[in-house]
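Student: What shape does this take:
(4 chains)
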2 protein chains.
Amino acid sequence: MGKQERYDPSQYERPAVTVDTVVLVLRQGALQVLLIQRKNWPCEGMWAIPGGFIKMDESLASAARRELAEETGLEGPGIYLEQLYTFGDPGRDPRTRVITAAYLALVCADRIVLRPASDAADAAWFPAYDPPPLAFDHDQILSCATQRLRHKIEHTPAIFQLLPETFTLTELQEAYEHVLRQELDKRNFRRKMLSSGILAGTPRVRSGDHRPAKLYRFREDAAAESRPRRLYP
Amino acid sequence: MGKQERYDPSQYERPAVTVDTVVLVLRQGALQVLLIQRKNWPCEGMWAIPGGFIKMDESLASAARRELAEETGLEGPGIYLEQLYTFGDPGRDPRTRVITAAYLALVCADRIVLRPASDAADAAWFPAYDPPPLAFDHDQILSCATQRLRHKIEHTPAIFQLLPETFTLTELQEAYEHVLRQELDKRNFRRKMLSSGILAGTPRVRSGDHRPAKLYRFREDAAAESRPRRLYP
DNA sequence: ACAAAAGTGTTGAGAGTACACCCATGC
DNA sequence: GCATGGGTGTACTCTCAACACTTTTGT
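Tutor: Numbers count the residues shown, from 1 in each chain, chains lettered A, B, ... in the order given. Model (predicted):
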């Protein structure tokens, strides 16, 4: 803020500021998004991204966590959160000028218990790549979130935010495939992942219906080793 | 915005919203940033990123362009602008709660005429990687901008926003070197750039003190050819 | 025994990196 | 003719992409 005139709060009409959080998880073999059903005008009955008005003494990220806890029961420091984009076109909300800072949250589906009917609002999961019609400009916000996630997992170890503590290589590969919507070669995938050094083996195996699979953990300490492969120059 | 309660505007105290724009150019063999000197409390006399309060009927990007024109004389559709990040910690401005949407502008130095003493504010260029002490949290905003620019030029043809219509390969290489703060190999650089297909030769040459250099243009149509080289998976 | 998922290697092509000299012009 | 920046090619290494069969378990 570098404006030079004397500051007079009454001189400016202030827009409302909200924080909306796109929560993405892997569930039922798909990337899914958490939505809540609106109970009031406008967009009554439509599904919307959870969020709400910011308070004067909290940061944007705190507001995102508070609203998430209030509206969906999701809470705790284990929830990965990052700022996504700020949407502020006049007219995006018919009630008043609303500027919303959108956040992206990545969670492992295993850790989630949706508080039933919290806030008297229904919260439910939907396919992130095939959502129902959304309120306001929330379809734009969701697209922005899935696009960010795709870019992120290609350049950072963000995929592990969507997985449990331990996982098999097949689960890891399927996680990438569901987010990228693209099949990957099993042998190339395993070789690249194992040689990258970001995985640590565990003594445990997952016994299922068939041959048991070795379990791996994400090595947080090895994440910094990532040397970028750039397109230019 | 998905809050479920009835909306009552008076129920919420609203923060002030500003838009600040980090303008970066290549000048004098360095990446430079446009700053204005504050004339009022707080941070009187310090240098700051240009910006100001948003109006109720303009989009965030429009506000960025308007403030830039008002404060520095920079205007026109030729100015590349993108949203950077939104800073909203309580206390970042001692006067009141201010949430600022920061934008990044990339301009070619050749096209710039700073309106002298516009708005009674001094505007001047400073090295982006060695700025003077900045007002508020503007050092954070500037770091965010230079970091975004570095990432951007490695994965997109953003560098051309900082260059004139035509340029020599040496000028292009120096542009990369000044932003990345890293020397590049001349032969490898030229081979990669020419084989990427994003450059078109022109019949013109730049005659200087010595052997004339061939001039190139950026092929906007070829920008989409970029296939990403990803780190994962 | 069979069904189902886990696990495993090689080869060819393309891209990245390192590196040193001749060329065209202005003075 | 010399100083200055413009322009050029090769060899090695590494990573990527394509591709099919054997192994281990549960039933």
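
Student: Can you name every helix or strand that the one helix or strand residue A:126 maps to contacts?
Tutor: For residue A:126, the host element (DSSP states H and E) is strand A:123-127. Packed against strand A:123-127 by the contact rule (3 or more C-beta pairs under 8 Å, 6 or more residues apart in numbering or on different chains; DSSP states H and E) you find strand A:30-37. All C-beta atoms are positioned from the backbone trio N, CA, C, and that covers glycine.

Student: circling back: between strand A:30-37 and the strand holding residue A:126, find me the angle.
Tutor: With axes from the mean of the first three to the mean of the last three C-alpha atoms, to 10 degrees defining the directions, strand A:123-127 sits at 140 degrees from strand A:30-37.

Student: Tell me the strands beside strand A:123-127, with direction?
Tutor: strand A:30-37 (antiparallel) (DSSP bridges).

Student: quick one: average pLDDT of the helix or strand just after the strand it pairs with?
Tutor: As assigned by DSSP H and E, the chain's next helix or strand after strand A:30-37 is strand A:47-48. Mean per-residue pLDDT for strand A:47-48: 97.

Student: burial count for the residue in chain A that DNA strand D sits nearest to?
Tutor: Closest approach between chain A and DNA strand D, counting by C-beta to the nearest atom of the strand: residue A:211, at 2.9 Å. Using other C-beta atoms under 10 Å in any protein chain shown, residue A:211 has 7 neighbouring residues.

Student: Tell me how far it lies from residue A:204.
Tutor: Plainly put, residue A:211 is 15 Å away from residue A:204 if you go by C-beta to C-beta, to the nearest Å.

Student: picking that back up, dump the strand holding residue A:126 to PDB, keeping only the CA atoms.
Tutor: The C-alpha trace of strand A:123-127 is given here as PDB (Å, rounded to 0.1, in the frame of the first residue of the first chain):
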ATOM      1  CA  ALA A 123     -21.200 -31.300   3.600                       C
ATOM      2  CA  ALA A 124     -20.400 -33.900   1.000                       C
ATOM      3  CA  TRP A 125     -17.700 -35.200  -1.400                       C
ATOM      4  CA  PHE A 126     -17.900 -34.800  -5.100                       C
ATOM      5  CA  PRO A 127     -15.600 -35.700  -8.000                       C
END
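
Student: buried stuff in it?
Tutor: Within strand A:123-127, the residues scored as buried using 16 or more other C-beta atoms under 10 Å in any protein chain shown are A:123, A:125, A:126.

Student: what's the angle between the top strand by length along chain A and strand A:123-127?
Tutor: The longest strand of chain A (DSSP state E) is strand A:16-27. For strand A:16-27 against strand A:123-127, the angle by the same axes, to 10 degrees is 60 degrees.

Student: and strand A:16-27, which strands flank it?
Tutor: strand A:30-37 (antiparallel), strand A:51-53 (antiparallel), strand A:98-106 (parallel).

Student: Just the mean pLDDT for the shortest one, thanks.
Tutor: The one in question is strand A:51-53. 96.

Student: Can you mark which positions in the following helix or strand past it are buried?
Tutor: Proceeding N to C from strand A:51-53, the next assigned helix or strand is helix A:60-72, under DSSP H and E. Neighbour-count burial for helix A:60-72, counted by 16+ other C-beta under 10 Å, picks out A:60, A:61, A:62, A:63, A:64, A:65, A:66, A:67, A:68, A:70, A:71, A:72.

Student: Lowest average confidence across helices and strands of chain A, where is it?
Tutor: Sorting the helices and strands of chain A by mean pLDDT, DSSP states H and E puts strand A:199-206 at the bottom, at a mean of 89.

Student: so what does that strand touch, helix or strand wise?
Tutor: strand A:166-168, strand A:213-218.

Student: Let me have those strands in JSON lines, extended by mean pLDDT.
Tutor: Converted to JSON lines, the helices and strands packed on strand A:199-206 look like this (pLDDT from 0 to 100):
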{"stretch": "strand A:166-168", "mean pLDDT": "97"}
{"stretch": "strand A:213-218", "mean pLDDT": "97"}
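
Student: what's the most buried one of these?
Tutor: The highest mean neighbour count among the helices and strands packed on strand A:199-206, using mean count of other C-beta atoms under 10 Å in any protein chain shown, belongs to strand A:166-168: a mean of 19.

Student: For that strand, give me every contacting residue.
Tutor: A:175, A:202, A:204, A:206, A:213, A:214, A:215, A:216, A:217 (C-beta atoms under 8 Å, 6 or more residues apart in numbering or on different chains).
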